[in-house]
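Next input, structure requested:
(one chain, ligands or ions: 1)
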Amino acid sequence: TDDGDGGRGRATGVTYEDIGGLDDELDLVREMIELPLSEPEVFAHLGIEPPKGVLLHGPPGTGKTLIAKAVANEVDATFITISGPEVLSKYKGESEEKLREVFKEAREQSPSIVFFDEIDSIAAKRDDGGDVESRIVGQLLSLMDGLDARGDVVVIGATNRVDSLDPALRRGGRFDREIEIGVPNVGGRREILDVHTRQMPLADDVDIDRLASRTHGFVGADLESLAKEAAMTALRRSRRTGDGVPVRDLTVTRADFETAMAVVEP
Ligand code: ATP
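As a prediction, the model looks like this:
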């Protein structure tokens, strides 16, 4: 479970402002998830089943977890995280039990989002996996089918390898929508860099547009590392020179970003 306040779930603290790029992707996720969580009665009124799940797929570090947390926060839903590898190893022999518990808790604390990270590790095609995996997939399918039509529990699955997922999970009524969260283009990188330098005292010579165009292949997590590394470089520089620059006057310069570029690789 992710929590900012020691309680379960609510208030992940992540907002839509913390997500760079991904405007279209975020719109799709919001359209699928916000309404069922905040106004589930709309679906009953229309006589249709609300979506139960959304699958986010794409390379690591591109913002899948971030999107899930932001939506949970914005609709004030409980956020429960569960990861595939953890279910397999930590709850060895009790994986199905653990899944049932998670869904039970999600119902009790609804509206809720169950975020299932690295879902491919348990939900590989049943004929590829072993016995254990196939039992766990079976349990997950039945739990998703059992989510009632009220719509106030939604599952967001995340995976880097959508093709290896059991096709049964990708059928309608389970993960109803698949949204690709890809590697950002130059505009996306610019926005992500903005997010991660927003609180930083940047020197006038720092050119974020130029950085964005020089970071082809960097994903959000890489750009975050780059910004942090630049800030740490600034800090080290000020300590080393010992020129007594007071902390409040310290800025992160273009040279600091150059140093960081040499260290951080996509
Ligand atoms: P994984 O598959 O490894 O779980 P993920 O796609 O879920 O990856 P996140 O955990 O969302 O990736 O991203 C890691 C960190 O990278 C975030 O906490 C955030 O700081 C930064 N980040 C990633 N994508 C973005 C983005 N689009 N905008 C701003 N920050 C981002």
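
What is the biggest helix by length in the chain packed up against?
Across the chain, the longest stretch assigned as helix under DSSP state H is helix 220-241. Helix 220-241 sits against helix 186-197, helix 254-263, with contacts defined as 3 or more Cβ pairs under 8 Å, 6 or more residues apart in numbering; DSSP states H and E. The C-beta positions use only the backbone N, C-alpha and C, and glycine is treated the same way.

Dump the shortest one to PDB, keeping only the CA atoms.
Right, the one you point to is helix 254-263. Extracted in PDB, the C-alpha atoms of helix 254-263 (Å, rounded to 0.1, in the frame of the first residue of the first chain):
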ATOM      1  CA  ARG A 254      24.100  24.700 -17.200                       C
ATOM      2  CA  ALA A 255      27.500  23.300 -16.300                       C
ATOM      3  CA  ASP A 256      25.900  21.200 -13.500                       C
ATOM      4  CA  PHE A 257      23.500  19.800 -16.000                       C
ATOM      5  CA  GLU A 258      26.500  19.000 -18.400                       C
ATOM      6  CA  THR A 259      28.200  17.100 -15.600                       C
ATOM      7  CA  ALA A 260      25.000  15.300 -14.900                       C
ATOM      8  CA  MET A 261      24.600  14.400 -18.600                       C
ATOM      9  CA  ALA A 262      27.900  12.600 -18.400                       C
ATOM     10  CA  VAL A 263      26.700  10.500 -15.500                       C
END
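
Now do that helix: which elements does it pack against?
Using 3+ Cβ pairs under 8 Å, 6+ apart, helix 254-263 sits against helix 220-241.

close to the ligand, is the helix it packs on?
Yes. Counting by Cβ under 6 Å from any ligand atom, the ligand is contacted by helix 220-241 at 220, 221, 224.

residue contacts, the first one?
With contacts defined as Cβ atoms under 8 Å, 6 or more residues apart in numbering, residue 220 is in contact with 20, 21, 61, 62, 63, 66, 184, 192.

before we move on, the earlier item: including distance to residue 74 and pLDDT, could the residues of helix 220-241 next to the ligand go into a markdown table?
A markdown table is the format used below for the residues of helix 220-241 next to the ligand (distance: Cβ to Cβ, whole Å; pLDDT from 0 to 100):
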| residue | distance to residue 74 | pLDDT |
| --- | --- | --- |
| 220 | 19 | 98 |
| 221 | 22 | 98 |
| 224 | 21 | 98 |
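
count of neighbours near residue 55?
23 (other Cβ atoms under 10 Å).

you'd agree it is in a strand?
Yes. When classified by DSSP: H, G, I helix; E, B strand; the rest coil, residue 55 is found to be part of a strand.

residues contacting it?
So, once contact is read as Cβ under 8 Å, 6+ apart, residue 55 ends up touching 119, 156-159, 162, 165, 169-170, 175, 177-179.

Weed out the non-buried ones from the residues you listed.
The neighbour count (16 or more other Cβ atoms under 10 Å) marks 119, 156, 157, 158, 159, 162, 165, 169, 170, 175, 178, 179 as buried among these.

Near the ligand, which residues of the stretch 151-266 of the chain are found?
So the stretch 151-266 of the chain meets the ligand at 158, 160, 192, 195, 220, 221, 224 (Cβ under 6 Å from any ligand atom).

which one of the residues you listed sits closest to residue 207?
Of all those, residue 192 has the smallest distance to residue 207: 15.6 Å, by Cβ to Cβ.

Verify the contact between that closest one and residue 18 for me.
No. The criterion here is Cβ atoms under 8 Å, and residue 192 misses it with residue 18 at 9.9 Å.

More neighbours: those two, which one.
Using other Cβ under 10 Å as the criterion, residue 192 and residue 18 rank with residue 192 on top: 29 against 17.

Contacts for stretch 198-208 next, please.
190, 193, 194, 197, 227, 231, 250, 251, 252, 253, 254, 257.
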